[in-house]
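Peer 1: test case, fold it:
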Amino acid sequence: MAKKLEKQFKIVAPGGKATPAPPLGPALGANGINPGQFITAFNERTKELNGKVVTCLISIYKDRSFDFELKSSPASALLKDAAGLEKGAGTPQDPIGSVTIDQVKAIAEEKLADLNATTVESAMQMIAGTARSMGITVEGGDA
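Peer 2: Residues are numbered from 1 along each chain as shown. All right, here's what the predicted structure looks like:
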């Protein structure tokens, strides 16, 4: 018989380097998960990512067991890495960095499975929109 799902929630944590310190530990504890047990399993499955931010969907069952599914990094984190920025602009109309159309395509291909898009071109438009909202210009084409 299948386990009965109680709740699901998402977290964002550095792959391979998560710790039970706030904000991750309290969020896990509040949802009934042993933070130490989760952190050990999460770090083991993400050790090759070496600190790259990862989104994780956690499912908690009635018997207090859990499992988790790793998703791709948030588009904003990938764009900041590609543009070499610490954070996005406070106001989008003030460009603070740029990425190439090839970088946008690479990000779109990486995130395609997690986006509400069926083609790489439509995913590129979504990533380019995120870039614009962060004050990052896309150079070398129309995305």
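
Peer 1: what stretches of the protein score poorly on pLDDT?
Peer 2: By pLDDT under 70, the weakly predicted segments of the chain are 1, 141-143.

Peer 1: apply 50 and report the result again.
Peer 2: Within the chain, no stretch falls below the threshold (pLDDT under 50).

Peer 1: ranges for the helices of it?
Peer 2: In the chain, the helices defined using DSSP state H lie at 24-30, 35-45, 75-83, 101-111, 120-133.

Peer 1: and the longest one, what does it pack onto?
Peer 2: Using 3 or more C-beta pairs under 8 Å, 6 or more residues apart in numbering; DSSP states H and E as the contact criterion, the elements in contact with helix 120-133 are helix 75-83, helix 101-111, strand 136-139. Where you see a C-beta, it was placed from the backbone N, CA and C, and this is true even at glycine.

Peer 1: show me what the last one is packed against.
Peer 2: What that stands for is strand 136-139. With contacts defined as 3+ C-beta pairs under 8 Å, 6+ apart, the packing partners of strand 136-139 are strand 97-100, helix 101-111, helix 120-133.

Peer 1: kindly export that strand (C-alpha atoms) in CSV.
Peer 2: The C-alpha coordinates for strand 136-139 follow below in CSV (Å, rounded to 0.1, in the frame of the first residue of the first chain):
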residue,chain,number,x,y,z
ILE,A,136,20.6,42.2,-16.6
THR,A,137,20.7,42.9,-20.4
VAL,A,138,20.8,40.1,-23.0
GLU,A,139,23.3,40.8,-25.7
